[in-house]
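> the following comprises the amino acid sequence and a computationally predicted model.
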Amino acid sequence: MHCVETVETDSEGLIGYLASKIDSIDPTLYAKYAIDEEDQLCHIFWSDSGCQRDYMCFSNVLAFDTTYRSNAFNKPLVMFIGVNNHFCTCVFGFSLLLNENIDNYKWVLETFLDCMHSKQPTVIVTDGNTAMKAAISPCFPDSTHRLYGWHLSTNATLNIK
(Lines give C-alpha, C1' and ligand atoms only; values in the text may rest on other atoms or scores of the structure.)
Protein backbone atom coordinates (compact mmCIF):
# COMPACT_ATOMS: atom_id res chain seq x y z
CA MET A 1 0.00 0.00 0.00
CA HIS A 2 1.08 3.57 -0.46
CA CYS A 3 0.08 6.78 1.29
CA VAL A 4 -2.34 9.07 -0.46
CA GLU A 5 -1.05 12.61 -0.12
CA THR A 6 -4.15 14.46 -1.28
CA VAL A 7 -7.42 12.97 -0.14
CA GLU A 8 -10.07 13.64 -2.75
CA THR A 9 -12.44 10.77 -2.02
CA ASP A 10 -13.52 8.69 0.95
CA SER A 11 -11.84 5.69 -0.67
CA GLU A 12 -8.52 7.50 -0.79
CA GLY A 13 -9.03 8.56 2.81
CA LEU A 14 -9.57 4.98 3.95
CA ILE A 15 -6.61 3.66 1.98
CA GLY A 16 -4.43 6.49 3.32
CA TYR A 17 -5.57 5.81 6.88
CA LEU A 18 -4.76 2.10 6.62
CA ALA A 19 -1.39 2.87 5.01
CA SER A 20 -0.53 5.28 7.83
CA LYS A 21 -1.41 2.62 10.43
CA ILE A 22 0.89 0.16 8.65
CA ASP A 23 3.70 2.73 8.60
CA SER A 24 3.37 3.97 12.19
CA ILE A 25 1.39 1.65 14.46
CA ASP A 26 0.85 -1.84 13.07
CA PRO A 27 3.35 -3.00 10.44
CA THR A 28 1.61 -6.39 10.16
CA LEU A 29 -1.81 -4.90 9.42
CA TYR A 30 -3.02 -6.56 6.24
CA ALA A 31 -4.96 -4.48 3.73
CA LYS A 32 -5.81 -5.25 0.14
CA TYR A 33 -8.08 -3.50 -2.30
CA ALA A 34 -9.20 -3.73 -5.91
CA ILE A 35 -10.09 -0.92 -8.27
CA ASP A 36 -12.05 -0.99 -11.51
CA GLU A 37 -11.25 0.44 -14.95
CA GLU A 38 -12.41 3.90 -13.83
CA ASP A 39 -10.10 3.89 -10.78
CA GLN A 40 -13.07 3.41 -8.44
CA LEU A 41 -12.71 1.25 -5.35
CA CYS A 42 -14.48 -2.11 -5.84
CA HIS A 43 -13.51 -3.99 -2.69
CA ILE A 44 -11.28 -3.53 0.31
CA PHE A 45 -10.27 -5.96 3.03
CA TRP A 46 -8.33 -5.25 6.22
CA SER A 47 -7.24 -7.12 9.33
CA ASP A 48 -4.91 -5.80 12.02
CA SER A 49 -2.30 -7.82 13.90
CA GLY A 50 -4.64 -8.46 16.84
CA CYS A 51 -7.31 -9.87 14.51
CA GLN A 52 -4.75 -12.11 12.82
CA ARG A 53 -3.35 -13.30 16.15
CA ASP A 54 -6.86 -14.15 17.39
CA TYR A 55 -7.61 -16.10 14.22
CA MET A 56 -4.47 -18.21 14.64
CA CYS A 57 -5.71 -19.20 18.11
CA PHE A 58 -9.50 -19.34 17.62
CA SER A 59 -10.12 -20.30 14.01
CA ASN A 60 -12.17 -23.45 14.67
CA VAL A 61 -15.44 -21.70 13.82
CA LEU A 62 -15.61 -18.73 11.47
CA ALA A 63 -18.79 -16.70 11.20
CA PHE A 64 -18.90 -15.00 7.81
CA ASP A 65 -21.63 -12.39 7.78
CA THR A 66 -22.66 -9.36 5.76
CA THR A 67 -24.50 -6.35 7.07
CA TYR A 68 -26.25 -5.34 3.93
CA ARG A 69 -26.19 -1.70 2.91
CA SER A 70 -26.18 -0.28 6.42
CA ASN A 71 -23.48 2.33 5.73
CA ALA A 72 -23.49 5.68 3.98
CA PHE A 73 -22.34 4.15 0.68
CA ASN A 74 -24.88 1.30 0.59
CA LYS A 75 -22.09 -1.26 0.27
CA PRO A 76 -22.12 -4.69 1.90
CA LEU A 77 -19.84 -4.81 4.95
CA VAL A 78 -18.43 -8.29 5.46
CA MET A 79 -17.30 -9.29 8.94
CA PHE A 80 -15.22 -12.34 9.81
CA ILE A 81 -15.99 -13.25 13.41
CA GLY A 82 -15.19 -16.04 15.87
CA VAL A 83 -15.35 -16.83 19.57
CA ASN A 84 -12.41 -17.12 21.94
CA ASN A 85 -11.88 -19.48 24.89
CA HIS A 86 -13.81 -17.07 27.17
CA PHE A 87 -16.82 -17.17 24.82
CA CYS A 88 -16.19 -13.57 23.80
CA THR A 89 -16.52 -12.37 20.21
CA CYS A 90 -13.31 -11.98 18.20
CA VAL A 91 -13.23 -10.02 14.98
CA PHE A 92 -10.79 -11.45 12.44
CA GLY A 93 -11.25 -8.98 9.58
CA PHE A 94 -13.53 -6.68 7.60
CA SER A 95 -14.31 -6.02 3.98
CA LEU A 96 -16.41 -3.61 1.97
CA LEU A 97 -17.65 -5.08 -1.30
CA LEU A 98 -19.18 -3.55 -4.40
CA ASN A 99 -22.09 -6.01 -4.22
CA GLU A 100 -22.99 -9.51 -3.12
CA ASN A 101 -22.08 -11.80 -5.99
CA ILE A 102 -20.03 -14.98 -6.25
CA ASP A 103 -16.91 -13.33 -7.72
CA ASN A 104 -16.82 -10.67 -4.99
CA TYR A 105 -17.25 -13.27 -2.25
CA LYS A 106 -14.50 -15.40 -3.81
CA TRP A 107 -12.23 -12.35 -3.86
CA VAL A 108 -12.82 -11.63 -0.18
CA LEU A 109 -12.48 -15.27 0.90
CA GLU A 110 -9.25 -15.72 -1.08
CA THR A 111 -7.95 -12.47 0.38
CA PHE A 112 -8.91 -13.59 3.89
CA LEU A 113 -7.04 -16.88 3.37
CA ASP A 114 -3.98 -15.02 2.09
CA CYS A 115 -4.05 -12.79 5.15
CA MET A 116 -4.39 -15.79 7.47
CA HIS A 117 -1.57 -17.80 5.81
CA SER A 118 -4.02 -20.26 4.18
CA LYS A 119 -5.33 -21.49 7.53
CA GLN A 120 -8.89 -22.70 6.96
CA PRO A 121 -11.51 -22.87 9.70
CA THR A 122 -12.98 -26.21 10.69
CA VAL A 123 -16.53 -24.85 10.37
CA ILE A 124 -17.81 -21.77 8.57
CA VAL A 125 -21.21 -20.39 9.54
CA THR A 126 -23.27 -18.11 7.26
CA ASP A 127 -26.81 -16.84 6.80
CA GLY A 128 -27.37 -19.02 3.74
CA ASN A 129 -26.81 -16.39 1.05
CA THR A 130 -26.55 -18.33 -2.23
CA ALA A 131 -23.57 -16.30 -3.54
CA MET A 132 -21.72 -16.86 -0.26
CA LYS A 133 -22.47 -20.56 -0.36
CA ALA A 134 -21.18 -20.87 -3.93
CA ALA A 135 -17.94 -19.06 -3.03
CA ILE A 136 -17.23 -21.05 0.13
CA SER A 137 -16.82 -24.50 -1.46
CA PRO A 138 -13.90 -23.66 -3.77
CA CYS A 139 -12.19 -21.35 -1.26
CA PHE A 140 -12.64 -23.50 1.89
CA PRO A 141 -12.74 -27.08 0.55
CA ASP A 142 -11.73 -28.59 3.91
CA SER A 143 -14.27 -26.62 5.99
CA THR A 144 -17.79 -27.66 6.88
CA HIS A 145 -20.45 -25.07 5.98
CA ARG A 146 -23.37 -24.55 8.38
CA LEU A 147 -26.22 -22.04 8.65
CA TYR A 148 -26.85 -19.73 11.61
CA GLY A 149 -29.41 -21.22 13.99
CA TRP A 150 -31.29 -17.92 14.12
CA HIS A 151 -31.84 -17.97 10.35
CA LEU A 152 -33.00 -21.59 10.45
CA SER A 153 -35.46 -20.83 13.25
CA THR A 154 -36.78 -17.68 11.58
CA ASN A 155 -37.26 -19.39 8.21
CA ALA A 156 -39.00 -22.35 9.85
CA THR A 157 -41.35 -20.04 11.75
CA LEU A 158 -42.24 -18.10 8.60
CA ASN A 159 -42.65 -21.09 6.32
CA ILE A 160 -44.28 -23.73 8.53
CA LYS A 161 -47.98 -23.24 9.13
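Sure, I can see it. Residues are numbered from 1 along each chain as shown.
> next up, the contacts around Pro121.
Residues counted as contacts of Pro121 (Cβ atoms under 8 Å, 6 or more residues apart in numbering) are Ser59, Asn60, Val61, Leu62, Gly82, Phe140, Ser143. C-beta: built from backbone N, CA, C; applies to glycine.
> do Ala135 as well
Listed by Cβ under 8 Å, 6+ apart, the contact partners of Ala135 are Ile102, Tyr105, Lys106, Leu109.
> still on that earlier bit, among the contacts of Pro121, who's most crowded?
For these, counting by other Cβ atoms under 10 Å, the largest number of neighbours falls to Leu62: 23 neighbours.
> so that one sits in a strand?
Yes - counting by DSSP: H, G, I helix; E, B strand; the rest coil, Leu62 is part of a strand.
> my guess is it meets Ile124, correct?
Yes - using Cβ atoms under 8 Å, Leu62 makes contact with Ile124 at a distance of 4.9 Å.
> and stretch 28-43, how far out from the chain's middle?
14 Å (Cα atoms, centre = their mean, to the nearest Å).
> can you give me the end-to-end distance of it?
20 Å (Cα to Cα, to the nearest Å).
> strands of the chain, start to end?
All strands of the chain, identified by DSSP state E, fall at 30-35, 41-47, 61-67, 77-83, 89-96, 123-126, 144-147.
> for Asp54, which of these is the nearest?
Nearest of those to Asp54, taken as Cβ to Cβ: strand 89-96 at 4.2 Å.
> now the angle from that closest one to strand 41-47?
Angle of strand 89-96 versus strand 41-47, following axes from the mean of the first three to the mean of the last three Cα atoms, to 10 degrees, is 160 degrees.
> work out the gap between strand 89-96 and the centre of the chain.
That offset, for strand 89-96, works out to 6 Å (Cα atoms, centre = their mean).
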